[in-house]
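Q: Structure, please.
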Amino acid sequence: MLSRTADNLYWLARYVERAEFVARTIEVAQRMASLPTSYGGSSNEWESALATTGCADSFHKHYREATERTVTEFLAFSPENPSSIVSCLETARANARAVRTALTIEMWEAVNDVWLELKKLNRRKLDRDEVTRFLNKVKEASLLFDGSASRTMLRRDSYWFERLGHYIERADNTARILDVKYHLLLPDQSHVGGALDYYQWTSVLRAVSAVTSFHWVYNQSVKPWLVADFLILNEQMPRSLASCYENITRYLDMLAQQYGRQGSAQRHARAMRARLQNARMETIFGTGLHEFITGFLADNHRLGSEVTEQYLV
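A: Numbering: from 1, shown residues only. Here you go, the predicted model:
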């Protein structure tokens, strides 16, 4: 396969996954902003939405205050934001067009249809209900694209590069959600374990569609260390870091078998998976959840660079 084709497939999957992540982040911020003030007084859910997506610095270059209107505009529709939903979908569609013959009809239609819906929107007249419908459409398109890839693509290098981009992006997104909640979302005057803390940790689970599955696994109320355990170490949870690296390692090994050689990407992915398998939640919280996630994000970014150097250039 041409490295250019592999690169387009890899980034197509990453941008589709990122668009869904941003949509989920906006929805969680809307839900948290709607909570009664009795649950915790002042809150900063719109700033946390910017921090979660890594867009805080670029946002404040264009807007003075983080409100529902300004943050939604910037994260969903702004062409000035390369990680906005609009930018992600346009880049994803451009990548899909470049490798149209490598995609199945269903995958192309999932990306193209949501892009056409986006073009029909009058963004200046969108109220909150219309924004919610648009966010749901983005999530549905991502699920359709993901399901179509799993159901219709041949199991060969094109599929493995697409899946690789999907899981590297998903691991980054899950880690960012956890880190922002732990350090930024809870106001200083709120008590850990209080009502606001409970609803915010529940919002983290909602952001990854994991409220029901969390209760299936733990059968008890939401607690920070249990949520962290679920989203970091539990391989049953498809968005957990451990599950992502189980898949990343598998697809990199398949590529190594296909091309007859391994490289730094395979070695690095296996080392990260081993660390996750051997980690314990008590140790992670003892040494610092923020420090653990910061290290993970750096290692995940390094893996992306190694995949690029090894296969995509």
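Q: CA only for contacts and neighbour counts going forward, please
A: Noted.
Q: And the helix or strand bottoming out on mean pLDDT in the chain, what's buried?
A: The helix or strand of the chain with the poorest confidence is helix 195-207; it has a mean of 76 (mean pLDDT, DSSP states H and E). For helix 195-207, the neighbour count (16 or more other CA atoms under 10 Å) marks Leu196, Asp197, Tyr198, Tyr199, Gln200, Trp201, Thr202, Ser203, Val204, Leu205, Arg206, Ala207 as buried.
Q: you'd agree Val180 is up against Leu50?
A: No - between Val180 and Leu50 there is no contact under CA atoms under 8 Å: 9.7 Å.
Q: what about those two, which has more around it?
A: A count of neighbours by other CA atoms under 10 Å puts Leu50 above the other of Val180 and Leu50, at 25 against 21.
Q: quick one: contacts for the more buried one?
A: Ala56, Phe59, Val71, Leu75 (CA atoms under 8 Å, 6 or more residues apart in numbering).
Q: and if you look at Arg100?
A: Trp108.
Q: can we see that at 10 Å?
A: Thr5, Leu9, Arg93, Ala94, Met107, Trp108 (CA atoms under 10 Å, 6 or more residues apart in numbering).
Q: thought the last one was touching Arg93?
A: Just to be clear, that refers to Trp108. Yes - proximity of Trp108 to Arg93 meets the contact threshold set by CA atoms under 10 Å, at 8.3 Å.
Q: Looking at those two, which is more packed in?
A: Arg93 (24 against 20).
Q: Secondary structure class of the more buried one, three-state.
A: When classified by DSSP: H, G, I helix; E, B strand; the rest coil, Arg93 comes out as helix.
Q: From Pro79, how far off is it?
A: Distance of Arg93 to Pro79, computed by CA to CA, to the nearest Å: 15 Å.
Q: Leu226 too?
A: For Leu226 relative to Pro79 (CA to CA), the value is 38 Å.
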